[in-house]
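**Q** model this:
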Amino acid sequence: MSATDIDSNLLWSSKRLDREKAVSVLVGTLGVTESREIPDDLKQILLGICRDSFADVNSDQTGAERNDGAWERIHGGLMAVTALANVGYSDGDFVDVSAAASTAALSHKEPRVREQAGLALAALASACATTDVFAVYCKNSILDGIRNNMERDVGVVNEELRSKLASDNAPLNVEQILHQSAGWRTLETSCKALLEICRATKQRFTPHITQEVVGLITATLQHTNRFVRETAFYICGELSSVIHENLSASIIPDASMDVQHFDTTMSAAIATGLSDNWSQVRMAASVAARQFLQNLPAAQQPAVYQLFLPPMALNRYYVAEGVRLYSQETWKLMVGERGKVLVETHIADIVAFYVLQADAANHAVREAACACIAELGLKVDVAVIREHVPRLLDVLIECFQDESWPVRDAACIACGRFVSKFPVESGPRMEQLYKLFLDHVCDNIWSVRENAAVALAQVVTAFGEDAYQAIKLKLQPLISAAKEQKPASLLNANLANVTTFGVAPPVSASRSAGDEDGPLDAASSGALGTATLDGINRKWRPLGEVDDAPTDRQQFSCGSLAPKLKRKGGCMDCGYARPQEPWEKSDGSIYLLRELAAQHPVDVKDMLPQLAEATSNRDYPHHFNLLETLWKQLPVIARGIGKRNFKSHLELFFEPLFYSLQCSNQLARCAAQECVGELAKFVGIGILKGRLELANPAYVAPFAACFPPQ
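**A** Residues are numbered from 1 along each chain as shown. Sure thing, here's the model as predicted:
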């Protein structure tokens, strides 16, 4: 490959793939030279390509028209500069022309050009060991690009657009027209350029860590644009690594700020990002926190635990997988086997933080806070946490009434653990907790029903016979509720057909009689055409049919799949309470029977006939869901009450099992097959087969197909 192989037109192509191919040719051209000395003719060709690429970099018209190819020409040149510098090419004239052009491109109208300009400057700064590219060429431009764009540029919204969007002579301001991430001109790309240069130059960047730079970066951490905050936290992490990499050489030229002052400022700044509402910002702050702590001398780390431990502990349960896994790894790296001791040492700060996060606007944060509170009840010494129990229980009760079911689910688990461990402190709140637990045993979400049953079993363990008798009175009607199920059953009928991020909002009941989606006449509706809730018939819609009305709809975050669910609390009717279908009540009772079987085997045995009878109603579509739950839990119940007790009622379940083994619902059928196999192992294949032959010889073949191999 020779210099003649370089096609500048390919480098300036409107297609990025072509530009990448041209860059590969350039790098290959340098690679064929056996020595590091580049021939003069090749130097001139490369220099000419750079000058031609950047001829219009300062033109006011550059990028004004999308199809004129001007910005692609500059972008191709910047890609070439980046690639050449990355392989060590640092000829003086080439650096001078490229660095000046890249600096000018930092204010280009096209964001892709600005971002590539930052990468080019970083590559040049890394390649030039004798020239401080940042100080000589681009420091002022980058810092001004950050400093001068902290406020939104209202000029990006022209008067024509304002007049189109405004109505009723009420003009809109720029905040109402633009998204939070728009209108900041070069702010984000300038931050990215600073980040890349810091990463590329590492220790050589130390002289530039001044009070001005640190103050500017910490200011961007509070910016409304989440992308700016994200980049700023990555910068904080890099600055922390640079300044501590060789502490003896980390002499900050600004006399107003030494290393200790830097650590104090940076620790407070980074800690705020660990609680940011946006997951990508939390991730950037988590990276910065690890870099800061790993580079901080071990003797100084305890001084910042108060700031870092609470959010780091909570983020181990955060819903975003990247943040959660990274935080768990950071916790192991920084805390090791001392986690329990450190949490107990800083328990007051951690409890205060969890309480604050349980009141956050983001329902995913509230869920994580409940999970963390549950962890405190499980792992921390009783004597340490006891004084904080009333405060934590009050918070959990508030979250138990949240609009978001994952939050209620996590709060349910936490409440059960706290009640079982702190029965005395929980006593004054038990009347309210009983109602919440029992309500959630009948919840529309199966996992909530199961966890509420587990929590009630923990209550029985903590409070003994009195608690059991109170629960038993409520349990018996729940078991038989499925017999009252009407044919028009709908799974989660009172929830909207929106379950993104695992949360289904309630269907609005505020439609007027004249609306298309308003109450329907029951006489004119088919059996599956309506769902009756609180006397209101709501129109049933097939999956995929869209409601044309754009109002009164669930709001979603533009940057994640999380619905904007409000935090609820303060009264017993907090928006989550909604009518359950009878089969859901029976479904929840199965989980409760499972949990009580080992503690009260005789009573649970006596309730099995009711449970078997509840399966006789199969006129509603979701009886398969009830059967699936029953077959998954029946072996556990059988083991709980003991073989002798269970065999006395074994025949009651033959007919519903036979029905499930023949049904078309795969989940119910598979659950029944596994149930038969478990029961055969529990009571014995011979005993089970003999009972089947006595009950109905037709049962033997389908049951025998599920027996485990002998």
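**Q** Now find how far off-centre whichever strand or helix holds Leu293 is within its chain.
**A** In this structure, Leu293 sits in helix 279-295 according to DSSP states H and E. Centre-to-centre, helix 279-295 and its host chain are 17 Å apart (CA atoms, centre = their mean, to the nearest Å).
**Q** So which bits of the following helix or strand past that helix are buried?
**A** Using DSSP H and E, the helix or strand that follows helix 279-295 in sequence is helix 305-315. Using 16 or more other CB atoms under 10 Å as the test for burial, helix 305-315 gives Tyr305, Gln306, Leu307, Phe308, Leu309, Pro310, Pro311, Met312, Ala313, Leu314, Asn315. For the C-beta atoms, the positions are set from N, CA and C on the backbone; glycine is no exception.
**Q** Quick check: chain neighbours aside, which residue is closest to the second one?
**A** Leaving out its chain neighbours, the residue that sits closest to Gln306 by CB to CB, 6 or more residues apart in numbering is Asp349, at 5.3 Å.
**Q** what's near enough to touch the one you found?
**A** Gln306, Leu309, Pro310 (CB atoms under 8 Å, 6 or more residues apart in numbering).
**Q** Point out the least confident member of the residues you listed, please.
**A** Within the set of these, pLDDT is lowest for Gln306 (90).
**Q** Quick check: that residue vs Val323, distance?
**A** Using CB to CB, to the nearest Å, Gln306 is found at 21 Å from Val323.
**Q** Tally up the residues packed near Thr461, please.
**A** By other CB atoms under 10 Å, the residues close to Thr461 number 16.
**Q** err, Ala453, not the other one
**A** 27.
**Q** Which helix or strand contains it?
**A** helix 446-463.
**Q** Contacts for that helix, please.
**A** By CB under 8 Å, 6+ apart, helix 446-463 touches 405, 408-409, 412-413, 415-417, 419-421, 423, 426, 430, 433-434, 437-443, 467-468, 471, 584, 587-588, 591-592, 594-596, 599, 625, 629.
**Q** Please report the distance of the nearest residue to Leu596 once chain neighbours are set aside from Val355.
**A** Once flanking residues are discounted, Leu596 sits nearest to Val604: 5.7 Å by CB to CB, 6+ apart. Distance, Val604 to Val355, using CB to CB: 38 Å.
**Q** between those two, who's got more neighbours?
**A** Neighbour tally, Val604 and Val355, criterion other CB under 10 Å: the higher count belongs to Val604, 24 against 17.
**Q** What helix or strand is Ser616 located in?
**A** Under the criterion DSSP H and E, no helix or strand holds Ser616.
**Q** got the contact list for it?
**A** Lys483, Pro656.
**Q** got it, and Arg618?
**A** Taking CB under 8 Å, 6+ apart, we find Arg618 in contact with Tyr659.
**Q** got the phi/psi numbers for it?
**A** Dihedral pair for Arg618: phi -130, psi 30, per degrees, to the nearest 10.
**Q** how close does it get to Asn665?
**A** Where Asn665 is concerned, Arg618 sits at a distance of 11 Å (CB to CB).
**Q** Following element in sequence after the host helix or strand of Glu188, please.
**A** Using DSSP H and E, the element containing Glu188 is helix 187-201. Proceeding N to C from helix 187-201, the next assigned helix or strand is helix 211-220, under DSSP H and E.
**Q** So which elements touch that following helix?
**A** Under the contact definition 3 or more CB pairs under 8 Å, 6 or more residues apart in numbering; DSSP states H and E, helix 211-220 sits against helix 139-147, helix 187-201, helix 226-245, helix 259-273.
**Q** what about that helix, distance to the chain center?
**A** With CA atoms, centre = their mean as the basis, helix 211-220 stands 29 Å off its chain's centre.
**Q** Same check on stretch 587-607?
**A** Offset of stretch 587-607 from its chain centre (CA atoms, centre = their mean): 36 Å.
**Q** tell me which residues of it are tucked away?
**A** Buried-residue list, stretch 587-607, by 16+ other CB under 10 Å: 587-597, 600-601, 603-605, 607.
**Q** Could you do stretch 81-97 as well?
**A** Within stretch 81-97, the residues that qualify as buried are 81-86, 89-91, 94-97, counting by 16+ other CB under 10 Å.
**Q** among those residues, which are in helices?
**A** Mapping these onto helices (DSSP state H) picks out Val81, Thr82, Ala83, Leu84, Ala85, Asn86, Phe94, Val95, Asp96, Val97.
**Q** give me every residue that touches the second one.
**A** The one in question is Thr82. Contact partners of Thr82, counting by CB under 8 Å, 6+ apart, are Gln116, Leu119, Ala120, Ala123.
**Q** Next one: the residue nearest to Leu596 from Val459, what distance?
**A** Val604 is 17 Å from Val459, where distance means CB to CB.
**Q** Ok, Ser586 next?
**A** Distance, Ser586 to Val459, by CB to CB: 21 Å.
**Q** Could you check which of those two has the larger neighbour count?
**A** When Ser586 and Val459 are compared for neighbours, Ser586 comes out ahead with 28 against 23, by other CB under 10 Å.
**Q** wait, doesn't the more buried one sit right on Pro477?
**A** No. With contact defined as CB atoms under 8 Å, Ser586 does not reach Pro477; the gap is 9.9 Å.
**Q** The residue nearest to Leu596 sits in which helix or strand?
**A** Assigned by DSSP H and E, Val604 falls in helix 601-614.
**Q** What helices and strands are in contact with that helix?
**A** Helix 601-614 sits against helix 465-479, helix 582-596, helix 623-641, helix 643-647, with contacts defined as 3+ CB pairs under 8 Å, 6+ apart.
**Q** Average pLDDT for the shortest one, rounded please.
**A** Mean pLDDT, computed over helix 643-647, is 94.
**Q** Quick check: buried residues in that helix?
**A** For helix 643-647, burial by neighbour count (16+ other CB under 10 Å) applies to Asn645, Phe646, Lys647.
**Q** Looking at the closest residue to the second one other than its chain neighbours now. What's its pLDDT?
**A** Going back to what we said before, that points to Phe646. What sits nearest to Phe646 in space, not counting adjacent residues and going by CB to CB, 6+ apart, is Ala638, at 4.2 Å. Predicted confidence (pLDDT) at Ala638: the value is 96.
**Q** surely Ala638 meets Phe682?
**A** Yes. Using CB under 8 Å, Ala638 is in contact with Phe682, at 5.7 Å.
**Q** Neighbour count: the two, which is higher?
**A** Between Ala638 and Phe682, Ala638 has the larger neighbour count (other CB under 10 Å), namely 24 against 17.
**Q** Now do that one against Ala680, distance only.
**A** Noted for Ala638: a distance of 11 Å to Ala680, by CB to CB.
**Q** Any regions of the stretch 201-350 of the chain where pLDDT drops low?
**A** Scanning the stretch 201-350 of the chain for pLDDT under 70 picks out 246-257.
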